[in-house]
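In: give me a 3D structure for the following:
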Amino acid sequence: MNVRKELLHIVEQVHSLAPILAAATRVIADRLAAERCSAFLVDEHGHVARAVSHAPPSSGAVDGVLEVEAERIAARVIAERRSLATRGVTTAIVAAPMLLRDTLVGAVVLQRGDGREFSAEERETLATTCAQLAGIVQNARIIDALDRGERPVPPVSPQPFSATGDGERILRGVGASPGIAIGNSLFRGVFRLDSAAESFAGVPAVERARVRTAIEKTHNDLLRIQQAAAREIDEEHALIFASHLLLLNDSVLLDRIERAIGRGASAPLAIDTVLAEFEARLRPVSDPYLQEKTDDISDLRTRLLDHVLDVDDRARVGHCVVVTRSIPPSLVIELKAEGVQALVAEIGGATSHGVLLARAMGIPAVTGVAEMPTVVRPGDLLIVDGTAGLVVVRPTDETVAHYEGLHRRAERARTEHARFRDRPACTADGVRVELQANVGVAADLVVARDNGAEGVGLYRTEFPFIVRDAFPTVGEQVRIYRKAYELFPAGRIHFRILDLGGDKFVAGSTVGGARSAFHGYRSIRVLFDYPDVLRDQVQALALAAEDRPLRLLIPMVSSLEELRRAKAMITAALSALDEPRAQRAPEIGAMIEVPAAVEIAGDIAREVDFLSVGTNDLMQYALVVDREDPRMAPLSDPYHPAILRMVARVAVAAKGAGKPVGVCGEIAVRPDVALALMALGIESLSVVPTAIPELKQALAGMRLAPLQRTIATILALSDASSVAAALREACAA
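Out: Just a heads-up that it's a prediction; the model follows:
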């Protein structure tokens, strides 16, 4: 058993900080053959707050010397925030910091008294272990905060459920991910107790048994989800749900629930009340990491209520439509692994990263359905039309038959599209365009390959960072990025440098952009303040590429100063890499995503090897529309003349500098827009993988020449509806 798996086993068995550290130091000492392992924690002021050691029996004097020496080394590691291997007065020593992104949690120090040095492999193992242990320690702090008994704010009462009758209802939202699905509703994160569940309580012993059964089932769920998610995205996610598991093992939690039952509460009401109180208790805690973990408690409450009320057999999730408040990437990964039919969300737009992931994985989704919580009941039959943005609640037999017919026709069309999967993308008059895929996880890569993508136009590298508590190490990143080369050995792959901001955040971290997408502190600007993050990622990408081509995309460029600074950091990272097999001559591209970059596109093109127009963000910034706000969806219009004119200007600038230019944005999934982009001089299009076969078929039936003759006239039109009509006419010629 490796150290990581043993840490997971520790989380499953214990719940509070002291036994976790005691067990962890024992495991680390045993596996790395150290005589002594000491773990030091720091408080919010950077002072050592607690130390736990595992060591064989020793004389008091010797033990005291070793402890002082370990504390001195730990203080140095904490101050310098880097690993250290050295010789002490009597021992060989290796130490590593426990860093959760930029949050310093503490340090682990290993000591040997026989003079044997720690090998490079052992030092790397310790660094990797500390990265994982940092997340476990911070999650355990949640339990400590809850168990200390701070006075909580009054818990928020659940909103009463209000039904609107049993007739068919049609709810309108944003068509976020195309496709039709029919299934019963399964609530996730928006569960509300009904009056019967609140008022009825059986014999206390029976209610307590129901709670214990629900806890056991939830525990098994989490373990199964971890394993399935790791397979789905092809990377280790064993500790994503660490805080859930810690809470489930918390004796204080169980004691409070049982006491509530003793006062006459039903099992569901006791679970709901106690966990709502825990959520409320965390809200005023100053630690931002603990505040963000309230979502974990909410999710755990829903899971427990699902089981205690028997409203959800997790094995049946594949037959259900999941109803949720929002669609974060981690939820999509979890549900895809369980075979979900479709997703319906209260909030969100069509281009959030969770939605893009759902689209890449072929999961129909509708977002922005504001009325959903008061109209949909657990178990209701739902029809989800992710293309039209409709949710039909409790449909009639006639409606079901109608949508079943649409679904069959869509499946036949998909079969027809599949004939074009392995053909090159080419218009009817013989003009080629390179069709690539936008991807974010390994599962996307498989879908992209299977749908005939010619390469990866945009590899979003954020997901391994935002779906788990521990920063992926350089070694882990190398393994992740290598998958792209394994699946696309001959195709071009464009890796976007880590882009944090808007709807992309590193969990439990101070590293991240402003929560509003319109705040300027995001993306490359964030990495300027955290150069070690950029350094590690660039080095991992270079190691993964080896002697193969490496293409790096710098996101959100808005000035030459930013571009040159980012390029210098990339060069420095590669120069510091002591590995002869690493790729040291990457092609560097700039993403054109803001109006400022459009204005200086010619200057930018002369500084880089290629340009890529990110139309999702370009529309957001140029048209002032929030990608997460469903009210803004109608305004995010790819036919807006300003957007097409901006793309045209970038294409002209790239051509003038002799540099290739592509578009990586969802506007290109529309065949008429794709043809217009080709007419403007765009050489490659990158879209969601599942759209590629259909787009190839559509382009094969269209001629580019008529549109090339009229594109200047179309660009001169002043409104989106006129542009759309003119494009339709030209594409039909």
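
In: for the stretch 51-200 of the chain, which spans come out with low pLDDT?
Out: Scanning the stretch 51-200 of the chain for pLDDT under 70 picks out 51, 56-65, 88-90, 101-102, 145-166, 189-200.

In: quick one: contacts for residue 680?
Out: 644, 647, 648, 651, 711 (CB atoms under 8 Å, 6 or more residues apart in numbering). Backbone N, C-alpha and C define where each C-beta goes, glycine included.

In: run through who's touching stretch 479-486.
Out: Residues from elsewhere that reach stretch 479-486 (CB under 8 Å, 6+ apart): 234-235, 439, 442, 445, 456, 459, 461, 464, 472, 493, 495, 540-541, 544-545, 548.

In: before we move on, the earlier item: inside helices: which ones of the contacts of residue 680?
Out: Among the contacts of residue 680, the ones falling in helices (DSSP state H) are 644, 647, 648, 651, 711.

In: which among those residues gets closest to residue 434?
Out: residue 651 (14.7 Å; CB to CB).

In: just the buried ones among the contacts of stretch 479-486, please.
Out: Buried by 16 or more other CB atoms under 10 Å: 235, 439, 442, 445, 456, 459, 461, 464, 472, 493, 495, 540-541, 544-545, out of the contacts of stretch 479-486.

In: for the contacts of residue 680, which entry has the maximal number of neighbours?
Out: Neighbour counts for the contacts of residue 680 (other CB atoms under 10 Å) peak at residue 647, which has 27 neighbours.

In: confidence score at it?
Out: As predicted, residue 647 sits at a pLDDT of 97.

In: is it true that it touches residue 681?
Out: No. At 9.1 Å, residue 647 does not count as touching residue 681 under the criterion of CB atoms under 8 Å.

In: residue ranges with poor pLDDT in the stretch 501-650 of the chain?
Out: 501-521, 625-636.

In: for it, just list every one of the strands.
Out: Counting by DSSP state E, counting those that start in this stretch, the stretch 501-650 of the chain has these strands, from start to end: 551-554, 587-592, 610-613.

In: format those as a markdown table; extra columns: mean neighbour count and distance to residue 500.
Out: A markdown table is the format used below for the strands of the stretch 501-650 of the chain (neighbours: other CB atoms under 10 Å; distance: least, CB to CB, whole Å):
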| stretch | mean neighbour count | distance to residue 500 |
| --- | --- | --- |
| strand 551-554 | 24 | 14 |
| strand 587-592 | 24 | 14 |
| strand 610-613 | 26 | 19 |
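
In: in a markdown table: those strands, plus distance to residue 345.
Out: Converted to a markdown table, these look like this (distance: least, CB to CB, whole Å):
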| stretch | distance to residue 345 |
| --- | --- |
| strand 551-554 | 29 |
| strand 587-592 | 27 |
| strand 610-613 | 28 |
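
In: which of those sits closest to residue 533?
Out: Of the strands of the stretch 501-650 of the chain, nearest to residue 533 by CB to CB is strand 551-554, at 14.3 Å.

In: what does the closest one rub up against?
Out: The contact list for strand 551-554 (CB under 8 Å, 6+ apart) reads 458, 492-497, 524, 538, 541, 563, 566-567, 570, 586-591, 608-610, 612.

In: hmm, 6 Å instead?
Out: Identification of contacts with strand 551-554 by CB atoms under 6 Å, 6 or more residues apart in numbering yields 494, 495, 496, 497, 566, 586, 587, 588, 589, 590, 591, 612.

In: parallel or antiparallel, list what pairs with it.
Out: strand 492-496 (parallel), strand 587-592 (parallel) (DSSP bridges).

In: distance to residue 695 added to those strands, as JSON lines?
Out: Output for the strands paired with strand 551-554, formatted as JSON lines (distance: least, CB to CB, whole Å):
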{"stretch": "strand 492-496", "distance to residue 695": "18"}
{"stretch": "strand 587-592", "distance to residue 695": "22"}
